[in-house]
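*Asks:* prediction below, plus the sequence it came from.
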Amino acid sequence: MPPFLLASPAGAWRKLSRPDWLAVSLALFLVALKALEASGRTVPGLGLLKVVCYSILIGYSSFRLVSWIRRRKLWSIRNRLIVAYLFIAVVPLFLLGAMAGLSAWVIYRQLAAFLIYRDVLGKIERLAEISRAAAAIADRDAGEGQTAVRSIVSSAAKEFPGARWASEDASRALQASRTTTFAGLLQRGDELYLLAALQGTSGKGTQAVGISVPFGDDLLARIVPDLGPVQASITRPAGPNDDPSRVAELGETRLVTLRQLATRNRQLPPSRGIFDLSVSGLSKLDAVSLDNVGTSPARSVLFLSVVSRTSTLNQWLFALPGDVGSIFARGLVAVGVLFILLEAAALFAGIQMSRSITSAVDELYTATERVKEGDLSHRVRVARHDQLGALGDSFNAMTGSITDLIEEQRQRQRLENEISIAKEVQEQLFPRHFPQMPGVELYAACHAARMVSGDYYDFIPLAPNRVAIVIADISGKGISAALLMASLQAALRSQLLLEVSGDVNTADLVARLNRHLFLNTSEDRYATLFFAVYDTETHTLRYTNAGHLPPLLVGKPALRKLEEGGMVVGLFDEFSYEQGTIAVEPGSLLVAYSDGVTEPENAYGEQFGQKRLADEVLRHRNAPLQKLADQLFLAAEEWGGTPGQADDMTVLVARLS
C-alpha cells in the first residue's frame, strides 16, 4: 500500500492517482485471496499471478516510499549530507568489511579443509613408504625375510591401528586401477581402507604386495588431532534402483551415503574472544571401489569435514613459518588499529565540515527569509574566509544593491508604461477605418518587430473621387523611428490640408516632405516613402517613389513595378523628384510593402526577396485583400523559420476598379 496512506489517512483517498488505485486494488485482491485460502478453499492456477501481484505491489510501494522520504526527509541540507556520508563512507566501509569477513571465512574454511586433506595424503604417503620397504625384502625366501616383513607390518600398526599385510587386496587394487603401484583409498562395500600396493618380483614370479589400514574411528582420531571434531562420510555411486531421497548430486556425480564416522572425545577448542568464531571445512577424496572389478573401475567419494576455531587455524597459519609469521600477524593488527584511528579522525573531520556547511546554509536561508519579509538591512555573519564566506559576502553585497535594483525596476516599469502609451498613440496614427469609396477597395496591416513601429501607412481621402495612398519605412527601430514616423505623418497630413482641390502633384509634395525631414532631424535619419493619388473617375494613378521598394501593380496583361520618383527623403536639403502617371485597368491590384517582408532569411542565408513576394501576389491575386495580406505575412515568416522577426513588416493592398 502506498506509504502516504499510512502516514495521513484523512483525505488521502482524494489524492490517489491511477497507479495508487492500482496498488490499492492489488492489495485488496491479495487480501481476498488470503481470506479465501484461510477458509480452506483454493483457486488453482493463481500461483504465478500472486507472484506477479506481490512483485508489482512491493516494487511500487518501495518507489513511493523512496519518493516520500526524498520529499519529506531529505529537504534539509543536513539530512542530505548525512545520507551522502552514509553512501560515501559508511556503506563502502560496511561493504569492505563484509568482503573482508567473507574472504576470511572462505580462507579459513579452505585452510581447515586443506589441513585434513594434507594430513590424509601424508598418511597415505607414509604408508606407501612402509609398503615399498616391505616389498624390497618380500622376495627373500628365507625365514629372515618373512620375519623382517612381519616386523615392518607390526611397526606400522603402532602408527596405523589395524595395519596388516594385504596381498589379496593389493592385487585387486592394482587390477582395479590398472597400474603397477597404488597408494590411496580402497572401498569394499561400506568399508574403507588406506592401501599402499605395488607390483613386486621374487623367485616365485610377479606378485602384488601391500599394506592396508582400515579407515575407522581410530584412524579418524589421528587426523590433525588438535584441530577439532572430524566427521567422515563414505559414499558410493548411485544406481538406477536407488531411492531418490537418498541420492545426493554433486555436479554431474550422483552419490549415496553408506556410512558416517565421527571422532570421539574431540571437542571444539574453547573460544578465546568474541572474534574467535567456529569454522567448518569440507574436503573430498576419491576412492577405488572393489565391488565391480573386471568392468571399468568405479570411483566413490570420501567426504571429510572438520569444525575448528579461527584461533586454532591462526596457529597453523602463522606459527608454522616461525617468528616471521608472528611478526606479520602483529603488523596486521597494528595496521588495523591505525586504519580504525584514521577512520575515526575522518569521521570527526566530516562531521565538523558538515556542521560548518549546514550552519552557513541555514544562516543564508534565514537571511533570505528576512529579505523576503522586506528587511533589506539584514546581513549574514561571515566567520571564515572560504567559499561559504565568499557566498556570505556576495549575499551581503546583493542585499546592499537590492534597493538600487528595485529603483531601476521601477524606472524600467515607468519606461515600459511610457512605451505602452507610445504604442497606443502610434496605433491612433494609423487609419482606424479604411476609406469606403466607389471604385477602390483598401486594406493595410503592420506587424511591429518591437512594441512600436518605424513603418507608416495611410489612406487619406482628398475628394469624392480621389484618395492618397502612403507607405513609408523610417530608418532604425524602436522609439526614435516611431517619433520620426509621427513627425512624417503630421507633416504629410498638414501638406495635404493645403491642397483644397485635391489635385496634388506627388513630386512636389514629396520634395516638401524631404526638406521638412532634413531640417528637423539629424543627418543619419531618413525615410523611404511611396506616395500615390488614385482618381476613381479617370482610373489614373499618379505616384512618386522616394527610395522605397517598388510596389507592384498587377493588371490583366502584366505586372509592373512602380519605381519613378527619386532618392529617400531626409538626406539632402534640395532634391527634385519625379511624378509617374499610369492609366489603371479596372480590376488591377496595387501591392506595397516594406523591406521587413522581403528580407527574412532561411537557414542557408537566402532572403525571401521580391520575386517570391511577386509570385505569392500572383498566386493569391483574386483572394480578399485581408487574406492576401495575411498570406504574404505567412509566406515571409515561414521562409525565415524563426518565431521572432528582425524588422517591421507592413503590407498595403488596394484593388482598383
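*Replies:* The structure has been received and is ready for your questions.

*Asks:* domain map for this protein?
*Replies:* Following automatic domain parsing, one finds the domains of the chain at 3-73, 121-320, 322-421, 430-656.

*Asks:* closest one to residue 79 among those?
*Replies:* For residue 79, the closest of these is domain 3-73, at 5.9 Å, according to CB to CB. To be clear about C-beta, it is placed using only N, CA and C from the backbone, and glycine gets the same treatment.

*Asks:* on that earlier part again, redo the domains of the chain as TSV? Include distance to residue 108 and mean pLDDT.
*Replies:* TSV is the format used below for these (distance: least, CB to CB, whole Å; pLDDT from 0 to 100):
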stretch	distance to residue 108	mean pLDDT
domain 3-73	37	73
domain 121-320	4	81
domain 322-421	14	73
domain 430-656	72	88
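
*Asks:* point out the most buried one among those domains.
*Replies:* Ranked by mean neighbour count, the domains of the chain are led by domain 430-656 with a mean of 18 (mean count of other CB atoms under 10 Å).

*Asks:* not counting sequence-adjacent ones, nearest residue to residue 631?
*Replies:* Of all residues beyond its chain neighbours, the one nearest residue 631 is residue 620 (5.0 Å), with distances taken as CB to CB, 6 or more residues apart in numbering.

*Asks:* now do residue 559
*Replies:* Of all residues not flanking residue 559 in the chain, residue 552 sits nearest, at 5.9 Å (CB to CB, 6+ apart).

*Asks:* roughly how far does the one you found sit from residue 582?
*Replies:* Computed as CB to CB, to the nearest Å, the residue 552 to residue 582 distance reads 12 Å.

*Asks:* check residue 402 too.
*Replies:* From residue 402 to residue 582 the distance is 65 Å (CB to CB).

*Asks:* who touches the nearest residue to residue 166 once chain neighbours are set aside in this structure?
*Replies:* Nearest residue to residue 166, sequence neighbours excluded (CB to CB, 6+ apart): residue 212, at 4.0 Å. Contacts for residue 212 (CB atoms under 8 Å, 6 or more residues apart in numbering) come out as 163, 164, 166, 169, 170, 186, 193, 194, 195.

*Asks:* contact partners for the residue nearest to residue 631?
*Replies:* 627, 628, 631.

*Asks:* which of the helices or strands spans the first one?
*Replies:* Read it as residue 627. In the assignment (DSSP states H and E), residue 627 maps to helix 625-640.

*Asks:* helices or strands next to the next helix or strand after that helix in the packing?
*Replies:* Next along the chain after helix 625-640, taking DSSP H and E as the criterion, comes strand 649-656. Strand 649-656 sits against strand 440-447, strand 455-463, strand 466-474, strand 588-593, helix 595-598, helix 625-640, with contacts defined as 3 or more CB pairs under 8 Å, 6 or more residues apart in numbering; DSSP states H and E.

*Asks:* and the ones you listed: which comes nearest residue 273?
*Replies:* Counting by CB to CB, residue 273 lies closest to helix 625-640 out of these; the figure is 83.1 Å.

*Asks:* now the closest one and strand 440-447, what's the angle there?
*Replies:* 30 degrees (axes from the mean of the first three to the mean of the last three CA atoms, to 10 degrees).

*Asks:* what packs against the helix or strand hosting residue 529?
*Replies:* Element membership for residue 529, per DSSP H and E: strand 527-535. Counting contacts by 3+ CB pairs under 8 Å, 6+ apart, strand 527-535 packs against strand 466-474, helix 478-498, helix 506-520, strand 540-546, strand 588-593.

*Asks:* what does the second one contact?
*Replies:* Which is helix 478-498. Residues from elsewhere that reach helix 478-498, judged by CB under 8 Å, 6+ apart: 419, 422, 425-426, 429, 450, 452-456, 458, 460, 462, 468, 470, 472, 474-476, 504, 509, 512-513, 516-517, 520-521, 525, 527, 529, 531.

*Asks:* dump the C-alpha coordinates for that helix into PDB.
*Replies:* The C-alpha coordinates for helix 478-498 follow below in PDB (Å, rounded to 0.1, in the frame of the first residue of the first chain):
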ATOM      1  CA  GLY A 478      12.000  51.500 -31.700                       C
ATOM      2  CA  ILE A 479      11.100  54.800 -30.100                       C
ATOM      3  CA  SER A 480      13.300  57.000 -32.300                       C
ATOM      4  CA  ALA A 481      11.800  55.500 -35.500                       C
ATOM      5  CA  ALA A 482       8.300  55.800 -34.100                       C
ATOM      6  CA  LEU A 483       8.800  59.500 -33.300                       C
ATOM      7  CA  LEU A 484      10.100  60.200 -36.800                       C
ATOM      8  CA  MET A 485       7.100  58.300 -38.200                       C
ATOM      9  CA  ALA A 486       4.800  60.600 -36.200                       C
ATOM     10  CA  SER A 487       6.600  63.700 -37.500                       C
ATOM     11  CA  LEU A 488       6.300  62.400 -41.000                       C
ATOM     12  CA  GLN A 489       2.600  61.700 -40.600                       C
ATOM     13  CA  ALA A 490       1.900  65.100 -39.200                       C
ATOM     14  CA  ALA A 491       3.900  66.800 -42.000                       C
ATOM     15  CA  LEU A 492       2.200  64.800 -44.700                       C
ATOM     16  CA  ARG A 493      -1.300  65.500 -43.500                       C
ATOM     17  CA  SER A 494      -0.500  69.200 -43.000                       C
ATOM     18  CA  GLN A 495       0.700  69.400 -46.600                       C
ATOM     19  CA  LEU A 496      -2.500  67.700 -47.900                       C
ATOM     20  CA  LEU A 497      -4.700  70.100 -45.900                       C
ATOM     21  CA  LEU A 498      -3.300  72.900 -48.100                       C
END
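
*Asks:* from here on, count from 13
*Replies:* Noted, 13 is the first residue going forward, which turns the last one into helix 490-510.

*Asks:* how far does it sit from the chain's center?
*Replies:* Offset of helix 490-510 from its chain centre (CA atoms, centre = their mean, to the nearest Å): 61 Å.

*Asks:* next one: the third one
*Replies:* Averaged C-alpha coordinates place helix 518-532 at 68 Å from its chain's average position (CA atoms, centre = their mean).

*Asks:* now do that helix against strand 478-486, angle only.
*Replies:* 40 degrees.

*Asks:* in PDB, list the C-alpha atoms belonging to helix 518-532.
*Replies:* Output in PDB follows, covering the C-alpha atoms of helix 518-532 (Å, rounded to 0.1, in the frame of the first residue of the first chain):
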ATOM      1  CA  THR A 518       3.000  63.900 -55.800                       C
ATOM      2  CA  ALA A 519       6.600  65.000 -56.700                       C
ATOM      3  CA  ASP A 520       6.200  68.500 -55.200                       C
ATOM      4  CA  LEU A 521       4.600  67.100 -52.000                       C
ATOM      5  CA  VAL A 522       7.500  64.600 -51.600                       C
ATOM      6  CA  ALA A 523      10.000  67.300 -52.200                       C
ATOM      7  CA  ARG A 524       8.400  69.400 -49.400                       C
ATOM      8  CA  LEU A 525       8.500  66.400 -47.000                       C
ATOM      9  CA  ASN A 526      12.100  65.800 -47.900                       C
ATOM     10  CA  ARG A 527      13.000  69.400 -46.800                       C
ATOM     11  CA  HIS A 528      10.900  69.100 -43.700                       C
ATOM     12  CA  LEU A 529      12.700  66.000 -42.500                       C
ATOM     13  CA  PHE A 530      16.100  67.300 -43.500                       C
ATOM     14  CA  LEU A 531      15.600  70.500 -41.400                       C
ATOM     15  CA  ASN A 532      14.100  68.700 -38.300                       C
END
